[in-house]
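1. this is the structure alone, sequence omitted:
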């Protein structure tokens, strides 16, 4: 009887939905090289909320050198490393605009979000085609746990933001 109750309690704990979690990304021009610096520019922000397996993304961008054509969530092998398209975002506007999407994430996609490998990419008309190792976009930003932002032009006191991600230990 005692083992049955313990088993039921453990099952209930494991089956309980995960608490909602908030993420954010600062969107900036990447990668900048001699070929791309003349045709990619701008800034933006994105927010994401994970509630169980449901992810809701919203954001805005401004200052693109040409009209926005598409936006996606991509999965890279690590933070800052380009990857492959996973989910399409809705993009509206021209050189300034918004992005949005709502998805039910697979286990692999949720793991990518928790480990900092899920990122937002906004493409524009003048963005060159992809590299052999990944797509070129106009703005990129990795979704990381929500955190306070330093005020532009002001030194940040204390430790800089380093995400405490659900990364595997070796």
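-> Received, thanks. Remember, it's a predicted structure, so these values are computed and weren't measured experimentally.

2. which residues of the chain fall in helices?
-> Here the chain has its helices, by DSSP state H, at 2-15, 107-114.

3. least reliable of those by average pLDDT, please.
-> The weakest mean pLDDT among the helices of the chain belongs to helix 2-15, with a mean of 45.

4. got any ranges where the chain has weak pLDDT?
-> Where the chain drops to pLDDT under 70, the residues are 1-20, 31-32, 129-136, 150, 156-170.

5. where do the strands sit along it?
-> Along the chain, the stretches classed as strands by DSSP state E are 21-29, 43-51, 54-62, 68-75, 84-93, 97-104, 118-124, 139-142, 144-145.

6. using CSV, please lay out these together with distance to residue 151.
-> For every residue, glycine as well, the C-beta is placed using N, CA and C. Formatted as CSV, those follow (distance: least, C-beta to C-beta, whole Å):
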stretch, distance to residue 151
strand 21-29, 14
strand 43-51, 15
strand 54-62, 19
strand 68-75, 27
strand 84-93, 27
strand 97-104, 24
strand 118-124, 23
strand 139-142, 19
strand 144-145, 19
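
7. just give the number of residues close to residue 39.
-> 17 (other C-beta atoms under 10 Å).

8. wait, doesn't it sit right on residue 128?
-> Yes - between residue 39 and residue 128 a contact is recorded at 6.7 Å, counting by C-beta atoms under 8 Å.

9. spatially nearest residue to residue 42 (excluding sequence neighbours)?
-> Nearest non-adjacent residue to residue 42, counting by C-beta to C-beta, 6 or more residues apart in numbering: residue 63, 3.9 Å away.

10. which one of the strands of the chain lies closest to residue 154?
-> Smallest distance to residue 154 across the strands of the chain (C-beta to C-beta): 15.9 Å, for strand 21-29.
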